[in-house]
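*Asks:* turn this into a model:
(one chain, ligands or ions: 2)
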Amino acid sequence: MKLAPSLLAADLSDLAGAVRKCEESATDFIHWDVMDGHFVPNLTFGAPVIKCARPLTGIPFDVHLMVENPGAYTMELAQAGVQFVSFHIEAEAHAHRLIQQIGSTGMKAGVAINPQTPPSAIEYLLPSLDYVLVMAVNPGFAGQKFIEPCLKKISILRDKRREYGLDYLIEVDGGVSEDNLERIALAGADIVVAGKAFFTADDMKAFTIKVRASSSSRMI
Ligand code: DX5
Ligand code: ZN
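*Replies:* Ligands and ions are numbered 1, 2, ... in the order given. Below is the predicted model:
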């Protein structure tokens, strides 16, 4: 699997230092949790901050929009140099249109689903998507416990991908730790987000290597 450390769990007074830690571990992505204080009960950063960090690294930026009206944010994110952007299906009535809009900027488009949202809610969007972000915690905060039934949703999305001959990636976000890495990989995830597990690891590089060594069931 690939790794996307979530800056939400880093020391936000030293974002440049956090980006450097990702660089030192050669992570595959850097995950930015953009929150508006409405869709989720927390407030973080937006495109101006992301834009300032862009020159610090060549690692692709993966933005997870936990906001109402996500379409209002995407153009500015493209201009900030973001490569991947996902929005919540629960926050957007016209998801298909927004996916097209994101794609037209050159960014990869993803849809995120909350723990209570079944994969069937996005079934008809799957052919248009570059990736699906499966939330395994209730969005808003880092350091929460992985919600086990979400594992099943990863497998369902992996099976749908095979059934329909699609190639979207499956990203899993929330509560990822050394203890559940292998199970998440076996369920079919391609990318894991890790906040607390990465930024509190004694050896971030070793954690990154461990994620990469966890084999996706795609190869079985
Ligand atoms: C939660 C965020 C996650 C979170 C992950 O709302 O979307 O990206 O920061 O943090 P951990 O890995 O600590 O659960
Ligand atoms: Zn996230």
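
*Asks:* quick one: stretch 160-175 to chain centroid distance?
*Replies:* A distance of 12 Å separates the centroid of the chain from that of stretch 160-175, by Cα atoms, centre = their mean, to the nearest Å.

*Asks:* can I get it in CSV? Just the C-alpha atoms.
*Replies:* Output of stretch 160-175 as CSV, limited to C-alpha atoms (Å, rounded to 0.1, in the frame of the first residue of the first chain):
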residue,chain,number,x,y,z
LYS,A,160,-17.1,-3.8,-7.4
ARG,A,161,-13.9,-2.6,-9.1
ARG,A,162,-13.2,-6.0,-10.4
GLU,A,163,-16.8,-6.7,-11.4
TYR,A,164,-17.1,-3.5,-13.4
GLY,A,165,-13.5,-3.5,-14.7
LEU,A,166,-12.7,-0.2,-13.2
ASP,A,167,-9.4,1.2,-11.8
TYR,A,168,-10.3,3.7,-9.1
LEU,A,169,-8.0,3.6,-6.0
ILE,A,170,-9.3,2.8,-2.5
GLU,A,171,-8.0,5.1,0.2
VAL,A,172,-8.7,4.4,3.9
ASP,A,173,-8.7,7.2,6.4
GLY,A,174,-8.9,7.2,10.2
GLY,A,175,-7.6,5.0,13.0
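
*Asks:* list the contacts of it.
*Replies:* For stretch 160-175, the external contacting residues (Cβ atoms under 8 Å, 6 or more residues apart in numbering) are 4, 6, 31, 62, 64, 86, 110, 112, 119, 123, 126-127, 129-137, 139, 144-147, 150, 154, 157-158, 184, 188-193. (C-beta placed from N, C-alpha, C; glycine too.)

*Asks:* what do you get if the cut-off is 7 Å, keeping everything else the same?
*Replies:* 64, 110, 119, 126-127, 129-137, 144-146, 154, 157-158, 184, 188-193 (Cβ atoms under 7 Å, 6 or more residues apart in numbering).

*Asks:* right, is that stretch up against ligand 2?
*Replies:* Yes: contact of stretch 160-175 with ligand 2 (Cβ under 5 Å from the ion) involves D173.

*Asks:* any part of that stretch near ligand 1?
*Replies:* Yes: part of stretch 160-175 sits near ligand 1 under the criterion Cβ under 6 Å from any ligand atom, namely D173, G174, G175.

*Asks:* could you list which of the residues you listed belong to helices?
*Replies:* Among the residues of stretch 160-175 next to ligand 1, none falls in helices (DSSP state H).

*Asks:* count of neighbours near K205?
*Replies:* 13 (other Cβ atoms under 10 Å).

*Asks:* how about stretch 194-210, does it reach ligand 1?
*Replies:* Yes: Stretch 194-210 reaches ligand 1 (Cβ under 6 Å from any ligand atom) through A194, G195, K196, A197.

*Asks:* from the protein, which residue is nearest to ligand 1?
*Replies:* G195 (2.6 Å; Cβ to the nearest ligand atom).
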